[in-house]
Structure formats: structure tokens, C-alpha cells
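>>> What shape does this take:
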Amino acid sequence: MIIRRNSFIAIFLYLFAFVGMVYISFVKLNTECDCSRNVAKSPRNVQQILEPDTHIENPSPTKVQESKTVVSEKEKSSKEDEDENSWGPHVLGVVVPYRNRFEELLRFAPHMHKFLNEKKIRHKIYISNQVDKYRFNRASLLNVGFLAARKDNCDYIVMHDVDLLPLNNKLFYGFPEKGPFHISAPHLHPKYHYRTFVGGILMMSVEHFEKVNGLSNKFWGWGREDDELYQRIMSAGLTIYRHSKKSITTGYNTFEHDHDPKVRPRDYSRVFGQRAASFKRDKKTGIDNIEYEITSRKEMTIDGAPLTILNVELECDIDETPWCQEVKKKKS
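Take a look at the predicted model:
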């Protein structure tokens, strides 16, 4: 009797313990878990937080962004280095003699900037703007522009008329290592076709421009300064290079010549002894003794094309070149 009662008590205690365990388990499962302490204690979980496994589908957005940024910057840097090298080491100074040609300048600057960028020519555009009271002096303005370009570390220049726009992308604007390169050759220029013509667009390295001492400062009014420059180049023993007719086949359509003499007449007047002097070789003047003042230098852009405006006042020795003064028109 006692054994049966003890067995009954043991079974009762066993069932009571079993029911209690089940109850406690259900209570735990329905309680939210604060896992932060457990995560901190788990080396594996800490590793996953700092360096997410590659197979995780939803890792930290910040980490992914940083990774993409690093890769993007490396690719960008590589492409920039490659692109930088493709432009070459030389810098071209585009020197434009200028006075009262604003409409032409509005077309020239963006056209040339785009044209040279497409050819990957590093360049700076200089507008030598004559603001003094004297007659236009294209040669002296080119000298002033050269001196500014050289100071800004350009290692070659192109003397470029503002009304002459290149249309053929095969035209050479690279560094003229061997000698002066005449881009607007006689068989390509829309207007001038004589053999010794070197006007319009002529490139020279800084070294060669210095060798010929730039252009003469005695030419006031339009014309003849290019012919005198040709003599300087020949005297210096330099060879002038040009495109062959086979390499550039567009002929007189190679450039757009945007000049209307009726709208902007040029000063071709020859006064005093100017005509005779214009046919003589000038061995006295050039970049080494030009007298001028840049009254202001302004950086600006036209339709995204950056350029430098040099407002230039030239000096004139009236005893030496009395024809520098404005010619008074006779009253009719």
C-alpha cells in the first residue's frame, strides 16, 4: 500500500515537472530577444558586421557605396591619366590681332575652342585688342600676344586672323618642330594665292619666333607685314612647311573667310614714305624692343570658350614712322 502511494506521488511529481518545462518554453519563445549582448560576445557576428560576406544579399548600403566610390575613382583616375597623355605635352597660344571686330570674335572663340579640343590640342586664346589712338598695327599686336603666351608657358603660337575659321579637321595644329607651319597655304586661303604668302594662319615655335625676333613694328595700317615676316624667316634659315594638295583636298573651301569689306573697310592708306618703307627689310624692330602697355588683362568666356583679352596701347615714334597717325579723310 505504501509502495503504491509512493509510486503515485513520483508519477505526479514527474508530470508536474514536465508541464512546468513546457510552460516555461512557451513563455521564452513569445518574448522579444535583446540580442545585442550576444552579438557583442560572438566573434563571428562581429566579423560579419565589419566585413560583410560577399554572399549577403542586403549588406550595409554605406559599405557598398564606399566600395563603388573607390572603384569609380580608380577607374576615373585611370581614364583621366590616359586622356591627359593623349593630349600631348605642348601648349598652343592662339594669338589674334584685334580691333572693333566683336561679331567675328563671337563666332571665332567658340569655333576655335571646339575645333582644337576635338583635335586634343592644349591651347590658350589671346585677343590682342588695340585701344590706342594710332592706326591698326597687326604685327605689333602679334608680338604683344606672343610675349603674353610665352609668359604663360605656351611653347608655340599660331598667328590667327579672327575672320578665318578652319573647317577641315585634317588641318595640322600640332607642334611645328621642324619649322614654321603655314596652315592657310596659298592653295587653301580663300583670297591670297601668291607663293611667298605666309599670312592668315601661321604657326611657329617659341624658339623660332624668337630667332626671327617676331615681326616688324613699323607696319601701321593694313598689309605687307606678312611679307616682311617671310623675309625674316628666310634670313634665319628656317623652312616653311605647308599641307600638300593631296593631304588637304578641300581647296579654297578649307576655311570660312568671314569678312565683308563694305561693313568693315580696312585701312590701306599709304602716306608719307610708308609705301617705300613697307618694301624694305626691317632689321631694327621686333619683340626685343616693342614699346607698349597692357592697360588691362581680362579673362572671359564666350559660349564656354575661355579667352584672355589684352587691352593694348602701342607706342609710336612719330619721327621714325609718321604714318602711325590716323589719316584724315579729305572732305568731299
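>>> Report pLDDT for Lys283.
In the prediction, the pLDDT value recorded for Lys283 is 89.
>>> likewise the one 10 residues further on?
pLDDT recorded at Glu293 is 98.
>>> Just to check, it is in contact with Leu310?
No. Counting by CB atoms under 8 Å, no contact exists between Glu293 and Leu310, whose distance comes to 10.5 Å. For glycine as for every other residue, the C-beta is placed from the backbone atoms N, C-alpha and C.
>>> and the gap between Val94 and Lys133?
For Val94, the distance to Lys133 (CB to CB, to the nearest Å) stands at 27 Å.
>>> With neighbour numbers in mind, choose between these two.
Set side by side, Val94 and Lys133 give different neighbour counts by other CB atoms under 10 Å, the larger being at Val94 (27 against 11).
>>> So which of Glu293 and Leu310 has more stuff around it?
Leu310 (24 against 12).
>>> So the more buried one belongs to a strand, correct?
Yes. Using DSSP: H, G, I helix; E, B strand; the rest coil, the secondary structure at Leu310 is a strand.
>>> residues contacting it?
Tyr126, Ile127, Ser128, Asn129, Val144, Gly145, Ala148, Ile294, Arg297 (CB atoms under 8 Å, 6 or more residues apart in numbering).
>>> Could you report the neighbour count for Lys218?
Lys218, neighbours per other CB under 10 Å, totals 24.
>>> where do the helices sit along the stretch 151-300 of the chain?
206-211, 225-235, 274-277 (DSSP state H, counting those that start in this stretch).
>>> Let me have those in CSV, extended by distance to Phe255 and mean pLDDT.
Putting these into CSV (distance: least, CB to CB, whole Å; pLDDT from 0 to 100) gives the following:
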stretch, distance to Phe255, mean pLDDT
helix 206-211, 23, 99
helix 225-235, 16, 96
helix 274-277, 29, 55
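>>> any idea which of the ones you listed is most buried?
The densest packing among these, expressed as mean neighbour count by mean count of other CB atoms under 10 Å, is seen in helix 225-235 with a mean of 19.
>>> Packing partners of that one?
When contacts are defined as 3 or more CB pairs under 8 Å, 6 or more residues apart in numbering; DSSP states H and E, helix 225-235 packs onto helix 138-151.
>>> So Arg281 is in contact with Tyr230, correct?
No. If you go by CB under 8 Å, Arg281 and Tyr230 don't touch, sitting 10.3 Å apart.
>>> before we move on, back to that, quick check on the contacts of Leu310: which are buried?
When neighbours are counted using 16 or more other CB atoms under 10 Å, the contacts of Leu310 contain these buried positions: Tyr126, Ile127, Ser128, Asn129, Val144, Gly145, Ala148, Ile294.
>>> Point out where this structure drops to low pLDDT.
1-84, 223, 259-279, 328-332 (pLDDT under 70).
>>> change it to 50
In the prediction, the chain carries residues with pLDDT under 50 at positions 19, 21-71, 268, 332.
>>> which residues of it fall in strands?
Taking DSSP state E as the criterion, the chain carries its strands at 92-98, 123-130, 156-160, 164-166, 181-182, 201-205, 241-242, 255-257, 292-302, 305-314.
>>> in its sheet, what does the fourth one sit against?
To tie it back to what came earlier, the one meant is strand 164-166. When sheet partners are counted by DSSP bridges, strand 164-166 sits next to strand 255-257 (antiparallel).
>>> Flag every buried residue along the strand it pairs with.
Of the residues in strand 255-257, those buried by neighbour count under the rule 16+ other CB under 10 Å are Phe255.
>>> Then stretch 300-310?
Buried, per 16+ other CB under 10 Å, within stretch 300-310: Ile302, Ala305, Leu307, Thr308, Ile309, Leu310.
>>> Just to check, the third one is in contact with Ser128?
No. Using CB under 8 Å, Leu307 and Ser128 do not qualify as a contacting pair, with a distance of 11.3 Å.
>>> ok, now which ones touch the residue nearest to Asp282 when sequence neighbours are not counted?
In space, not counting the residues next to it along the chain, Asp282 is nearest to Ser216; the distance is 3.8 Å by CB to CB, 6 or more residues apart in numbering. The neighbourhood of Ser216, defined by CB under 8 Å, 6+ apart, consists of Ala139, Glu225, Glu228, Leu229, Arg232, Asp282, Thr285, Gly286.
>>> measure Ser216 to Val96 for me?
Between Ser216 and Val96 the distance, using CB to CB, works out to 19 Å.
>>> Please look at Asn137 and Leu215 and confirm they touch.
No. Asn137 is beyond contact range of Leu215, at 9.5 Å (criterion: CB under 8 Å).
>>> Just give me the neighbour total for the closest residue to Thr295 other than its chain neighbours.
Nearest residue to Thr295, sequence neighbours excluded (CB to CB, 6+ apart): Asn311, at 4.8 Å. Taking other CB under 10 Å as the neighbour definition, Asn311 ends up with a count of 16.
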